[in-house]
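[1] sharing a model that was predicted from the sequence below.
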Protein chains: 2
Amino acid sequence: MKRIADSTVRRLSVYLRFLEDSVTRGVRTISSEELARRGGTTSAQVRKDLSFFGSFGKRGLGYPAPELTASLRDILGLDKEWQVVIIGAGKIGTALAQYHGFRQRGFNIIAVYDADQRKVGSTWDNLVVRDIASLEGDVRSQAPDIAVLTVPSDDAQAVAERLVNAGIKAILNFAPVQLQVPAEVTVRNVNMAMELEGLSYALTNRDRNGGA
Amino acid sequence: MKRIADSTVRRLSVYLRFLEDSVTRGVRTISSEELARRGGTTSAQVRKDLSFFGSFGKRGLGYPAPELTASLRDILGLDKEWQVVIIGAGKIGTALAQYHGFRQRGFNIIAVYDADQRKVGSTWDNLVVRDIASLEGDVRSQAPDIAVLTVPSDDAQAVAERLVNAGIKAILNFAPVQLQVPAEVTVRNVNMAMELEGLSYALTNRDRNGGA
DNA sequence: GTTAGCTTGTGAACGAATTCACAAGCCTCC
DNA sequence: GGAGGCTTGTGAATTCGTTCACAAGCTAAC
């Protein structure tokens, strides 16, 4: 299989969300045009994206919404349950730990870690905050699939290395630093500072760049 | 000025963060190679990114760290203070409201809104939660620069339209939907579900795609 | 069963972003 | 003050992603 672009995978997520919505509203069939409108892209892009994975539509008619939904869930690997650990019980970490949307979508938070002894042992939402000292042991024994990193920037790289050494293969990084990890580990960044700065840039240079 | 790619602006953010760090550690000069290593890119990319905005380095030597930091802050528009409102006092919204990193970087949260009357009037960190009914009036009178949208997906588009009508020109959207807004409004998305699904995809298709 | 009207799937064309490769220029040392 | 060693800045080449445009194929209507 050809390597799929990141941008394509992102769009599949967007299509999927809208499709799930449509299915619950009883929609049976959906066109690339409709998917494009709701996904903020073009119909050609939608068809191209889907074509990388197969042929899901019927010419003249469109895509069968429930079947396409199932296919996208399958492509994205969302039929399994993924085990997730959160490292860092700060503001963001605890907000995420309590956010039930993850569990609903198959991302099952099994542990929260922190280095601060005052936080260790406290309970949020059935989750006890564990001492980060036990990270490696736990990761080796429980083999979580994904680690969510919400530690301070200065600690992020070191913690990432501990995770990688313990066998983690996927990291969702909230720290505003670029993690250096081996090629077999996948990192996705959620960088609010960067996004805000992007808005700042856009507002500052609106006239220069001619909008958009 | 030529239109600058989004990806370039994102990287400038990353360079800036590392540069600020270097400056506080007393680094005087930095090469594109070093910036690239810490920014997860290549030295040619760094030089190209910077070259869109001017000529900041000295051949044979590198870039003067403090001056380049100042230039990037200027390019990104980070010397002003930006006024920010948060819409939605849920888990994420309140976590953001209490996160002091924003204020430190010049993003000044001036108000939090929610539709839930039980939340309206409660106080977090010197911020009173206001009734979303007063959104338009407040936006028109206080003219915030950026709105952070942390409302449920089903409400996101409607709230975005209210914001746009009231004159907002930049939105940081946390709802996992693609907002439809006029071209003069800039939207950046922070979509944790999408990022997690990207990791799910990577884990699922590791073998097919040959790692990375 | 044929026609009219859609919509998909996909090579080809295009455009955007990244990488290459090297001349230009600066600093240090002798 | 000239040579050697680096590092920048940038056109050119390349790679990657998006858009175009149209043949193929489905449905409905008669």
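    Nice, I can see it.
[2] residue A:17 reaches residue B:177, doesn't it?
    Yes - shown here, residue A:17 and residue B:177 form a contact pair, counting by CB atoms under 8 Å, at 6.9 Å. Backbone N, C-alpha and C define where each C-beta goes, glycine included.
[3] what sits in contact with each of the two?
    Residues touching both residue A:17 and residue B:177 by CB atoms under 8 Å, 6 or more residues apart in numbering or on different chains: residue B:153.
[4] for the residue nearest to residue A:52 when sequence neighbours are not counted, helix, strand, or coil?
    Nearest in space to residue A:52, with sequence neighbours left out and distances taken as CB to CB, 6 or more residues apart in numbering or on different chains, is residue A:4 at 5.7 Å. Per DSSP: H, G, I helix; E, B strand; the rest coil, the local secondary structure of residue A:4 is coil.
[5] for chain A, which segments are assigned as strands?
    Along chain A, the stretches classed as strands by DSSP state E are A:29-30, A:63-64, A:82-87, A:107-114, A:123-124, A:127-131, A:146-149, A:170-173, A:186-189.
[6] wait, does the fourth one contact chain B?
    Yes - in this structure, strand A:107-114 sits against chain B according to CB under 8 Å from any CB of the partner chain; the contacting residues are residue A:107.
[7] the fifth one too?
    No - counting by CB under 8 Å from any CB, no contacts exist between strand A:123-124 and chain B, the nearest distance being 11.1 Å.
[8] the helix or strand of chain A with the lowest mean pLDDT - contacts with which helices or strands?
    One helix or strand of chain A scores below all others by mean pLDDT, DSSP states H and E: strand A:123-124, with a mean of 84. Here strand A:123-124 touches helix A:91-98, going by 3 or more CB pairs under 8 Å, 6 or more residues apart in numbering or on different chains; DSSP states H and E.
[9] contacts for the helix it packs on next, please.
    Residues contacting helix A:91-98 (CB under 8 Å, 6+ apart): A:86-87, A:89, A:102, A:109, A:112, A:114, A:124-125, A:127, A:148, A:150, A:174, B:91-92, B:94-95, B:98-99, B:192.
[10] just the buried ones from the residues you listed?
    In terms of neighbour count (16 or more other CB atoms under 10 Å in any protein chain shown), the buried residues within these are A:86-87, A:89, A:102, A:109, A:112, A:114, A:127, A:148, A:150, A:174, B:91-92, B:94-95, B:98-99, B:192.
[11] and chain A, which residues reach DNA strand D?
    Within chain A, the positions lying close to DNA strand D (CB under 7 Å from any atom of the strand) are A:3, A:5-8, A:41-42, A:44-45, A:47-48, A:58-61.
[12] could you report the neighbour count for residue A:45?
    17 (other CB atoms under 10 Å in any protein chain shown).
[13] ditto for the one 5 residues further on
    Other residues within reach of residue A:50 by the criterion other CB under 10 Å amount to 23.
[14] quick check: it touching residue A:57?
    Yes - under the criterion of CB under 8 Å, residue A:50 makes contact with residue A:57 at 7.5 Å.
[15] need the overlap of contacts for these two.
    A:32, A:63, A:68.
[16] and which of these is nearest DNA strand C?
    residue A:32 (3.6 Å; CB to the nearest atom of the strand).
[17] contacting residues around the closest one?
    A:43-44, A:46-47, A:50, A:57, A:62-63.
[18] cool, and residue A:159?
    Counting by CB under 8 Å, 6+ apart, residue A:159 touches A:87, A:132, A:135, A:149, A:151.
[19] kindly indicate which of the residues you listed lies nearest chain B.
    residue A:149 (11.9 Å; CB to the nearest CB).
[20] for the closest one, grab the count of nearby residues.
    Per other CB under 10 Å, the neighbour tally for residue A:149 reads 26.
[21] quick check: closest non-adjacent residue to it.
    Counting by CB to CB, 6+ apart, residue A:173 is the residue found nearest to residue A:149 once chain neighbours are left out, at 4.7 Å.
[22] you'd agree that neighbour is up against residue A:185?
    No - contact criterion CB under 8 Å: residue A:173 and residue A:185 do not qualify, at 10.9 Å.
[23] who has more neighbours, those two?
    Taking neighbours as other CB under 10 Å, residue A:173 and residue A:185 compare with residue A:173 leading, 24 against 19.
[24] low pLDDT regions in chain A?
    Residue ranges of chain A with pLDDT under 70: A:1, A:207-212.
[25] number of residues surrounding residue A:120?
    For residue A:120, the count of nearby residues is 18 (other CB under 10 Å).
[26] contacting residues for it?
    A:114, A:129-131 are the contacts of residue A:120 under CB under 8 Å, 6+ apart.
[27] do you know how far it is from DNA strand C?
    For residue A:120, the distance to DNA strand C (CB to the nearest atom of the strand, to the nearest Å) stands at 41 Å.
[28] what sits against the closest residue to residue A:102 other than its chain neighbours?
    Spatial nearest neighbour of residue A:102, excluding adjacent residues (CB to CB, 6+ apart): residue A:109 at 6.2 Å. Applying CB under 8 Å, 6+ apart to residue A:109 gives the contacts A:84-86, A:96-97, A:102-103, A:127.
[29] which two among those are spaced furthest apart?
    Farthest pair in those (CB to CB) is A:85 and A:103. Separation: 13.7 Å.
[30] which one of these two has more residues nearby?
    residue A:85 (22 against 12).
[31] just the helices in chain A please.
    All helices of chain A, identified by DSSP state H, fall at A:6-24, A:32-39, A:43-51, A:65-75, A:91-98, A:101-104, A:135-142, A:153-166, A:192-209.
[32] so how far is DNA strand C from the residue of chain A found nearest DNA strand D?
    Proximity of chain A to DNA strand D (CB to the nearest atom of the strand) peaks at residue A:60, 2.4 Å away. Per CB to the nearest atom of the strand, residue A:60 is found 3 Å from DNA strand C.
[33] burial of that residue, as a residue count?
    For residue A:60, using other CB under 10 Å, the count is 5.
[34] what does chain A put close to DNA strand C?
    A:31-33, A:43-44, A:47-48, A:50-51, A:55-63.
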